[in-house]
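Enquirer: Structure of the sequence below:
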Amino acid sequence: MRRPLRGEARPGTHDGGVVRDLVRIVGASRRGGENPMTRAPAAGLIPNEPADQGKESMSEESRNSGAQSQPAIQPFLDRDKLLQSIFRISALLTAPVGMDVVLKGILDEVVGAIGFDRGIIRLFDASPVIMGRSGLSAYGTSSLVDLMAARRMMPTANFRRTYFEGYRSFSGPVIRERLRPRHYACHGCPIACKQKSDGEIPEYETLSHFGALNENDDLESIIACNRICNENGMDTISAASTIACMAEIRGVRYTGHDLADKVSSILGDDAEAELLRLGSARLAAELGAPETSMSVKGLELPAYDPRGAYGMALAYGTSTRGGCHLRAYPIAHEILRKPVATDRFSFAGKARIIKLAEDLGAVVDSIGACKFAFLAASLEEYARGFAAVIGLPLSTQDLLHRGDAIYTLERRINMLRGFTRKDDMLPERFYREPGTAGPGIETPPIDMAVYEDALDRYYRIRGCDPDGIVTDERAKGPKTCAGR
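Expert: Presented below is the predicted three-dimensional model:
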């Protein structure tokens, strides 16, 4: 029996009206018309503006004046692919009875996805961190420069200090004034946190590490270092950290053009280039000063000093990829106060917070969402959209359970490769040396005993033994590689 055409009644069903309504709704949302179910403008489109207009099209004058005109929004969901998926599902369903009920369910999912789209945008608009006049949409991630300096947690001189006097030279307002950058975005994103001038404007971590970490206040050389790394596939955090480590060992500073030349030298074929390509951990060991590598599990730490944010300290230690800020990103609640503020100089409650944030991060990475979106929205909103796209009724908790399974598997793999509790410890400097004090701010060394207590609590919550090893019983739960 031939397959019914799109919009045609399938044998055993009442008619093809449900499918035709589906086509009409999705088509209208793509064209910017009304949603026939709600009689509201289609999701993500602004009246009288073309659907493909992006934030970059805003005039520099309106951006600099802080104008709040809302750019047209590309829908978060690719509705062409969504529609194709729906028809593939309907084609695979062969039950001759009740097909109208099945398609009506799919239709409800589509309508839910459209509502999800608009809900996310409203949450973005309400978030000062994202859409505020000092937020990511205004300055990109360079908006963090002033904030980290004020909190006395900007890594300086290879983490020997936590404040750099010359930070204003690469701050967001100075970049805007000197370079007049235009903003652009990943596909469909209204935040547009990326910046370009004559070339790419570096992100916060790159600005800070080629700036403060190397005691360099020359913006042009920072941009040059970023360009060299991008063009040659080098990680800017690792490159800047390795050079800062070498500078400390040798008792020198590489700034301005010398710093850019040092980055270029990594591409060479001499002994110095081979040394720099080792990364800071192996370079420091090779030069007899392993304590100068500011890394965890061999990965260099990014631009948030852990002495100024204890959740960040714990997250650096427990990250399965080494010293990474994106596995849990406690800066959100310790500094940006999202979703709620926590005490940045306390480990209280941080073990559970970090564990849940790691699970969430694993989900966000898996579904291809942006972590910045979660400074305004939550997994509740994204679970609805994700369920609408894949056609499975997955809840927020369902996704978090899968995030837990992912992270447990990653930790299990690390264990099989020989990682233990000692690899979850920070460099000794953070337990011995204080950071830089400021007005009303003291940045003492981290109490190692308190850190280890937080690590013990994290292990219990994650399902590890006291040495950080995932227990066999825990490994069987999410069906990880227990049998390998």
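
Enquirer: Neighbours of Asp447, how many?
Expert: 12 (other C-beta atoms under 10 Å). Where you see a C-beta, it was placed from the backbone N, CA and C, and this is true even at glycine.

Enquirer: How many residues are close by the nearest residue to it once chain neighbours are set aside?
Expert: Distances taken as C-beta to C-beta, 6 or more residues apart in numbering place Tyr431 nearest to Asp447, at 7.7 Å, with adjacent residues excluded. If you count neighbours by other C-beta under 10 Å, Tyr431 ends up with 16.

Enquirer: same check, this time on Cys324
Expert: Around Cys324 there are 20 other residues, counting by other C-beta under 10 Å.

Enquirer: in what helix or strand does it lie?
Expert: Assessed by DSSP states H and E, Cys324 sits outside every helix and strand.

Enquirer: one step back: output the helix or strand harbouring the residue nearest to Asp447 as CSV, nothing but the C-alphas.
Expert: If you go by DSSP H and E, Tyr431 is part of helix 429-432. Output of helix 429-432 as CSV, limited to C-alpha atoms (Å, rounded to 0.1, in the frame of the first residue of the first chain):
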residue,chain,number,x,y,z
ARG,A,429,50.6,28.3,45.7
PHE,A,430,46.9,28.7,46.4
TYR,A,431,47.2,27.0,49.8
ARG,A,432,50.3,29.0,50.9
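
Enquirer: which residues are in contact with it?
Expert: Residues outside helix 429-432 that contact it (C-beta atoms under 8 Å, 6 or more residues apart in numbering): Phe159, Arg160, Glu291, Met294, Pro306, Arg307, Ala313, Pro445, Ile446, Asp447, Met448, Tyr451.

Enquirer: Whichever of those residues end up buried, select them in PyMOL.
Expert: In PyMOL syntax, the buried subset of these is picked out as below (16 or more other C-beta atoms under 10 Å):
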select buried, resi 159+160+294+306+307+313+446+451
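
Enquirer: Show me the contact partners of stretch 281-290.
Expert: By C-beta under 8 Å, 6+ apart, stretch 281-290 touches 242, 245-246, 248-249, 275-276, 278, 291-293, 295, 298, 300.

Enquirer: what residue ranges in the stretch 151-300 of the chain score low on pLDDT?
Expert: Under the criterion pLDDT under 70, no range of the stretch 151-300 of the chain is flagged.

Enquirer: now the helices: where do they sit in it?
Expert: For the stretch 151-300 of the chain, the helices defined by DSSP state H, counting those that start in this stretch cover 172-179, 204-210, 219-231, 236-250, 256-265, 271-276, 280-286.

Enquirer: now those helices in a markdown table, with mean neighbour count and distance to Arg122?
Expert: Putting those into a markdown table (neighbours: other C-beta atoms under 10 Å; distance: least, C-beta to C-beta, whole Å) gives the following:
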| stretch | mean neighbour count | distance to Arg122 |
| --- | --- | --- |
| helix 172-179 | 17 | 25 |
| helix 204-210 | 27 | 26 |
| helix 219-231 | 20 | 34 |
| helix 236-250 | 24 | 34 |
| helix 256-265 | 18 | 43 |
| helix 271-276 | 14 | 48 |
| helix 280-286 | 20 | 44 |
